[in-house]
Structure formats: C-alpha cells, structure tokens
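Peer 1: Pasting a predicted model and its sequence here:
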Amino acid sequence: MSFVTVSAKSELINLLDFDRKGLISFFVGMGEKPFRATQLLKWIYQEEVVDFDQMTNLSKSLRAYLKDHCKIVAPEIILEQVASDGTTKWIVEMGLGNRIESVFIPEKKRGTLCVSSQVGCALACTFCSTAKQGFNRNLTVAEIIGQLYVAQQRLGEKKRITNVVMMGMGEPLLNFDNVVAGMNLMMDDFTFGLSKRRVTISTSGVVPAMNRLNQVCDVSMAVSLHAANDELRNELVPINQKYPLSELMAACSEYANLGPRKHITFEYVMLDGINDTTQDARSLVKLLKKIPSKVNLIPFNPFPNSHYRCSSTEQISRFKDVLYKAGIVTTIRKTRGDDIDAACGQLVGKVKDKSRRHLKLQTMDSLHAT
Ligand code: SAH
C-alpha cells in the first residue's frame, strides 16, 4: 500500500514527523491516552495502513479528528536505478524541486540503506561531490524516516533493510533534532525495530553535537577523518578549522567510553599522493592509540571536475597493513553501485543552493580560465 495525501490542506500535521515521544505528547495534549502513540505507530509502520478509517482500534471520534487535522505523507521516489551489483539508488522528491538520494546496498547477510539528512551539504569537503552543489535545507523527520519507509516498500518482503547508515547527502549532526528523532523512530519496536548497533551516524566532526548525541540517542558512530594531522584535515575537511583533531578525538573517546562494546569507526578516503603514505598510516595509528577504533578505508570515487585520484590498490593494502599490524581492525570499503553514481561522495540531488557556492565556484572557474 502506498502513502496517500489525506487532504490537500497544507496546515495538516504530518504524523511521520513524530517519534514515539512526540506522538505521546501529541495525543496526551488532546486528552487521549499515551498508548494511542504505539497503536498509531503500528498501523503506519507495521501494518502499512495510512487511511485513518481503517485504524479500527482508534475510537470513531479520534479517527474523525485525525482525518480533519492530520496527514500521513512520505516523500515520493521519482527515479530508481539498479546497478549491476544490485545496489539500488532512488532519487526522492522533497518538494519545490529539491531532490535527494537514498541508496540500498544488498549483501549476503544484511541490507544497508544509506539515508540522506539534508538537501545538499553546507560543509565543503574538497573530495566530495555533494559538497560542490551547495546547501538548501534540512530534511524533516518525515523525510528522513520516509526514506526508509518508501525504500522498504519498493524492496518488498524479500529484501529486508537490516542496517541504516546516515551517510547520504548532508551532515546529519547539523540537522540534530530531526536526525535524532528519525533514528529513534528507526529503532522503535513498534516501527522497524532496528538494533542500535545497526544504525550508524556518520559525521565530519561537529564536536558539540557529538557530545550532545550521547545524551539523547544511542547509535553507532562513524567519523569521517581522512587525515591524521590538522594541516591536511583543515584542507580536506574544512570544519576541522573550527573543531581541530584534539577536540574531535576527545569527543570520540568520550563517546566510545559510554558502553562496554562501543567503538568508533573512522572513515578514511584514500587519495593518491595526498594522505596515503605509510607514514600517514603510522600517524593515524598514533592518533587512534587511545580510542577503541575500527578503520574503514574508502577508495576515492571520482566525479566530474575533481582533481583527486584514488590511491592504487597496492598503496591501499600497504596502508592497511600498517594499521593491521598495530592491532587496528581495518576494512577496505568495497565500492558499490559506482556504475550508477551511487558510491560514497557521488550523491548529487537537485539542490537550490542557498549558500551561493555555485556562484563562488563559477567565479573561481572563470578566474582559472583567464
Ligand atoms: N557528512 C557526513 C555524512 C556523509 S557520509 C560525513 O562527513 O561523515 C559520506 C562518506 O563518504 C564520508 O565519509 C565522506 O567523507 C565520504 N566521501 C565523500 N566523498 C567521497 C568520494 N568522492 N569518494 C569516497 N568517499 C567519499
């Protein structure tokens, strides 16, 4: 069954915007019992019923109220592309021409959905194509949980989404409240019931938000590190100029110390001649010494006009060996879906840039051309 717009009235409340806590306040606020929240979550996410008339365990008067004041609307998939390895990319329409991408990566024992958190991205990581298109706005809770909902509907019963990584477009920790509510919803027993170890938030290192996350949401953490010294990281991941490695590592250490089996996954994109020498690997070992870590080496995925190249396979495995010998669990990320531009850093929606980055880039290009 697909989502229906209950009414065209724009002031209707979208119930997908609430996590369980939000729904409880919503119902209690109108004089209903808190358990209405779990009843509604079950209808929407487990029964896939979005027509209030069919929600038979709600009183008639409550159904009538919901019909008048609320809607249940998920974003719409407008394009589906399936790569030769089964990776599936969806372009999802977020209204007013804003489009984002979600990617499903099937593996033998799990199915991972890569979810976007913003339309575009305000950070300017130099090796990422999402960054080049600028930023428009944060996604709503409905648009975040909606990606999981519509993806699971498209995949059907045979392919379950078992894992979610907040590694699509955008910086999730710069859309803190909506991303936290979205992740809490994904882990709710009355929705998808994903375990906290199977939901991962990836950040470029928004330190104050990492510290806040501890208190409201227990998920796995991945950090896009990419360099083991401030000078290089300032260039590759410019948010490092605001939150340098010393502060980032302190936040990682605190997050990892919260639970007995907690560790931080560090993502490290392999850029030929930039950050990929064995000396760089040794600096990384030193940096991670005190933090329970895993390292995920990501072969650089090229995109038009990027001036970086991916490190050679030999260089990547030499780099891996240094980490491995130092006792750090290290994996090399398999590039998935690159024939449909669904690999890391290749996600480009259609963004109305509000940061005017396009203009800046154009000006820079024309300066270079003259
Ligand atoms: N903003 C968040 C979420 C994006 S996750 C973050 O930075 O963590 C996407 C991951 O892919 C990040 O680790 C990012 O650094 C990496 N990435 C971006 N562009 C890439 C590219 N061209 N090739 C390989 N990895 C890339």
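Peer 2: All right, it came through fine.
Peer 1: burial of the residue in the stretch 1-150 of the chain positioned nearest to the ligand, as a residue count?
Peer 2: With C-beta to the nearest ligand atom as the measure, Cys128 is the residue of the stretch 1-150 of the chain nearest to the ligand, at 3.4 Å. Bear in mind the C-beta positions are built from the backbone N, C-alpha and C, glycine included. Cys128 has 25 neighbours, counted by other C-beta atoms under 10 Å.
Peer 1: again, but for Pro34
Peer 2: Going by other C-beta under 10 Å, the residues that sit close to Pro34 add up to 12.
Peer 1: That one - that's part of a strand, no?
Peer 2: No: following the definition DSSP: H, G, I helix; E, B strand; the rest coil, Pro34 is coil and is not counted among the residues of a strand.
Peer 1: right, and it touches Gly22 too?
Peer 2: No: with contacts defined as C-beta atoms under 8 Å, Pro34 does not count as touching Gly22, sitting 11.9 Å away.
Peer 1: Per-residue pLDDT of Arg261, please?
Peer 2: Taken from the predicted model, the pLDDT recorded for Arg261 is 67.
Peer 1: For Thr88, name its beta-bridge partners.
Peer 2: In this structure, Thr88 has beta-bridge partners Val82, Phe104, where bridges are defined by DSSP bridges.
Peer 1: I figured it hits Val103, correct?
Peer 2: Yes: proximity of Thr88 to Val103 meets the contact threshold set by C-beta under 8 Å, at 7.0 Å.
Peer 1: Between these two, which has more neighbouring residues?
Peer 2: Under the criterion of other C-beta under 10 Å, the comparison of Thr88 against Val103 puts Val103 first, with 29 against 22.
Peer 1: Name the helix or strand for the closest residue to Ala251 other than its chain neighbours, please.
Peer 2: Leaving aside its sequence neighbours, Ala251 sits nearest to Met210 (C-beta to C-beta, 6 or more residues apart in numbering; 4.3 Å). With the criterion set as DSSP states H and E, the secondary-structure element containing Met210 is helix 207-216.
Peer 1: other SSEs contacting that helix?
Peer 2: Using 3 or more C-beta pairs under 8 Å, 6 or more residues apart in numbering; DSSP states H and E as the contact criterion, the secondary-structure elements in contact with helix 207-216 are helix 176-187, strand 199-203, helix 245-256.
Peer 1: Make CSV out of those and add distance to the ligand, mean neighbour count and mean pLDDT.
Peer 2: What follows is the helices and strands packed on helix 207-216, written out as CSV (distance: least, C-beta to the nearest ligand atom, whole Å; neighbours: other C-beta atoms under 10 Å; pLDDT from 0 to 100):
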stretch, distance to the ligand, mean neighbour count, mean pLDDT
helix 176-187, 11, 23, 97
strand 199-203, 4, 22, 97
helix 245-256, 12, 18, 96
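Peer 1: Verify the contact between Ile77 and Val92 for me.
Peer 2: Yes: here Ile77 lies in contact with Val92, judged by C-beta under 8 Å, at a distance of 5.7 Å.
Peer 1: Find residues that contact each of those two.
Peer 2: The overlap between the contact sets of Ile77 and Val92 (C-beta atoms under 8 Å, 6 or more residues apart in numbering) consists of Val150.
Peer 1: Tell me which of these two has more neighbours.
Peer 2: Between Ile77 and Val92, counted using other C-beta under 10 Å, Val92 has the larger neighbour count: 24 against 17.
Peer 1: part of a strand, is that one?
Peer 2: Yes: with three-state DSSP as the criterion, Val92 is part of a strand.
Peer 1: give the contact list for it.
Peer 2: Residues counted as contacts of Val92 (C-beta under 8 Å, 6+ apart) are 75-78, 99-102, 116, 143, 146-147, 150.
Peer 1: Pull the strand or helix carrying Val165 out as CSV, backbone CA atoms only.
Peer 2: Element membership for Val165 (DSSP H and E) is strand 163-166. C-alpha atoms of strand 163-166 as CSV (Å, rounded to 0.1, in the frame of the first residue of the first chain):
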residue,chain,number,x,y,z
ASN,A,163,21.0,-1.6,8.7
VAL,A,164,20.9,2.1,8.3
VAL,A,165,23.8,4.4,7.8
MET,A,166,23.3,8.2,7.9
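Peer 1: same for that strand, what does it pack against?
Peer 2: For strand 163-166, the packing partners by 3+ C-beta pairs under 8 Å, 6+ apart come out as strand 111-114, helix 176-187, strand 199-203.
Peer 1: Does Gly205 touch Ser224 like I think?
Peer 2: Yes: Gly205 is in contact with Ser224 according to C-beta under 8 Å; the separation is 7.2 Å.
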